[in-house]
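**Q** sharing a model that was predicted from the sequence below.
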Amino acid sequence: MAKVYSLDLREKVMEYIKEGKRKVEAVKIFNLHRRTIYRWERMLRERRLAATENRIQKSKKLYPEELRGYIKNNPDKTLKEIGAAFGASDASVLYRIRQLGITYKKSYYTRSVTKKSGEHSRNSSIKSK
């Protein structure tokens with residue numbers, strides 16, 4: 001996540017530019033990206049230069065033990081159905097299942113490694129040539 005710059009720094013940079021200095025110089029002096037300066041100018045025109053608060057990270061919906069228990073009790077559920085039960089996407093469910101090392105028959109994208117060739121295959125029942 002991008003860091004939030006203080007209002008003090010924002011005001012210093014805008015004051016520096018108002019004095020007639022070039023933005024290229026401000027980029028080097030304040031160690032900022034030029035797009036940041038252009039964004040701050042736009043925000044200043046709109047009278048909302050104040051720093052925004054840091055975003056609050058969403059809590060994780062897929063707690064490992066709850067997910068394990070749900071899959072154990074509902075082995076016939078698809079990834080979408082599990083996601084709907086936890087309020088998450090099917091991709092997040094698949095990601096968490098892989099993290100937990102659970103092999104799940106309904107996940108199409110899991111890959112198995114054959115012992116002989118070491119190659120990856122989509123379906124372990126199809127033998128490599």
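**A** The structure has been received and is ready for your questions.
**Q** when you work out contacts or count neighbours from here on, use the C-alpha atoms and nothing else.
**A** Fine.
**Q** which of the three states applies to Ala50?
**A** Secondary structure for Ala50, judged by DSSP: H, G, I helix; E, B strand; the rest coil, is coil.
**Q** can you give the domain ranges for this structure?
**A** Listed by automatic domain parsing, the domain ranges of the chain are 1-56, 64-108.
**Q** deepest of those, which one?
**A** Stretch with highest mean neighbour count among the domains of the chain: domain 64-108 (a mean of 15; mean count of other C-alpha atoms under 10 Å).
**Q** now it: mean pLDDT?
**A** Across domain 64-108, the average pLDDT comes to 84.
**Q** centre of the chain versus it, how much separation?
**A** Between the centre of domain 64-108 and the centre of its chain there are 19 Å (C-alpha atoms, centre = their mean, to the nearest Å).
**Q** host element of the closest residue to Leu49 other than its chain neighbours?
**A** Nearest non-adjacent residue to Leu49, counting by C-alpha to C-alpha, 6 or more residues apart in numbering: Met43, 5.1 Å away. Assigned by DSSP states H and E, Met43 belongs to helix 34-45.
**Q** kindly report the same for Glu81.
**A** Glu81 is part of helix 79-86 when elements are defined by DSSP H and E.
**Q** which residues does that helix contact?
**A** Contacts to helix 79-86, defined as C-alpha atoms under 8 Å, 6 or more residues apart in numbering, come from residues 61-62, 89-94, 106-107.
**Q** save the residues you listed as JSON lines, and put in secondary structure too.
**A** Output for the contacts of helix 79-86, formatted as JSON lines (three-state DSSP):
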{"residue": "Lys61", "secondary structure": "coil"}
{"residue": "Leu62", "secondary structure": "coil"}
{"residue": "Ser89", "secondary structure": "coil"}
{"residue": "Asp90", "secondary structure": "helix"}
{"residue": "Ala91", "secondary structure": "helix"}
{"residue": "Ser92", "secondary structure": "helix"}
{"residue": "Val93", "secondary structure": "helix"}
{"residue": "Leu94", "secondary structure": "helix"}
{"residue": "Lys106", "secondary structure": "coil"}
{"residue": "Ser107", "secondary structure": "coil"}
